[in-house]
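S.K.: have a look at this fold, sequence not included:
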């Protein structure tokens, strides 16, 4: 008979940790990330007004409505990441505490943010970018290569396999991420850099919180 208890535990843990980590990310973004984003949008709107443009697409109003939609999106993404993290912990078969959960969170941070950001840094509105499909393919390939490579590095005792893991994690960056022929942004470089730094820190705190909560809430009995 199939035992569904571990799956139920993963879902419940992911739901609670996802909500808490998603709310934390929303608060951090509100105070640390959104100011740079708002400034970039001002430059983007000014550039758009200088050229002919079609009907504007719907977007939430600044203030409470935008914060609410951002929070819901963050919670949804956090739940998905928490499910992946919980599944990885289950497959590893290792006991987990809030301390070891922090390490799992750092691993998630490396896989889902740092590795892709090395080739495709966070972009402010008004940034000229390569085709979305090409960026998505490279992002997914980088995440998979980094996840598998990191797993080989950490869990394998065989040095050839460890080296293979390292090479696999490096491979997407040797291929290089897709970029337009000319990199440009309507926002000044100072705003672009501020957005990148604040987003990097916000995601670090998010993943530490998500990993710590996963470790604290995961049932190991």
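M.R.: Here it is on my side, so go on. Everything quoted here is computed from the prediction, not taken from an experiment.
S.K.: residue boundaries of the strands in the chain?
M.R.: For the chain, no strands turn up when DSSP state E is the criterion.
S.K.: next, the buried residues of the lowest-mean-pLDDT helix or strand in it.
M.R.: Within the chain, confidence by mean pLDDT, DSSP states H and E is lowest for helix 34-49 among all helices and strands, at a mean of 89. Going by neighbour count (16 or more other Cβ atoms under 10 Å), the buried part of helix 34-49 is 34, 36, 37, 39, 40, 41, 43, 44. In short, each C-beta sits where N, CA and C put it, glycine included.
S.K.: what does it rub up against?
M.R.: 62, 124-126, 185-188, 191-192, 194-195, 198 (Cβ atoms under 8 Å, 6 or more residues apart in numbering).
S.K.: switch the cut-off to 6 Å
M.R.: With contacts defined as Cβ atoms under 6 Å, 6 or more residues apart in numbering, helix 34-49 is touched by 124, 125, 126, 186, 187, 191, 194, 195, 198.
S.K.: separation between the spatially closest residue to the first one that is not a sequence neighbour and residue 119?
M.R.: Counting by Cβ to Cβ, 6 or more residues apart in numbering, residue 40 is the residue found nearest to residue 124 once chain neighbours are left out, at 3.6 Å. Counting by Cβ to Cβ, to the nearest Å, the gap between residue 40 and residue 119 amounts to 21 Å.
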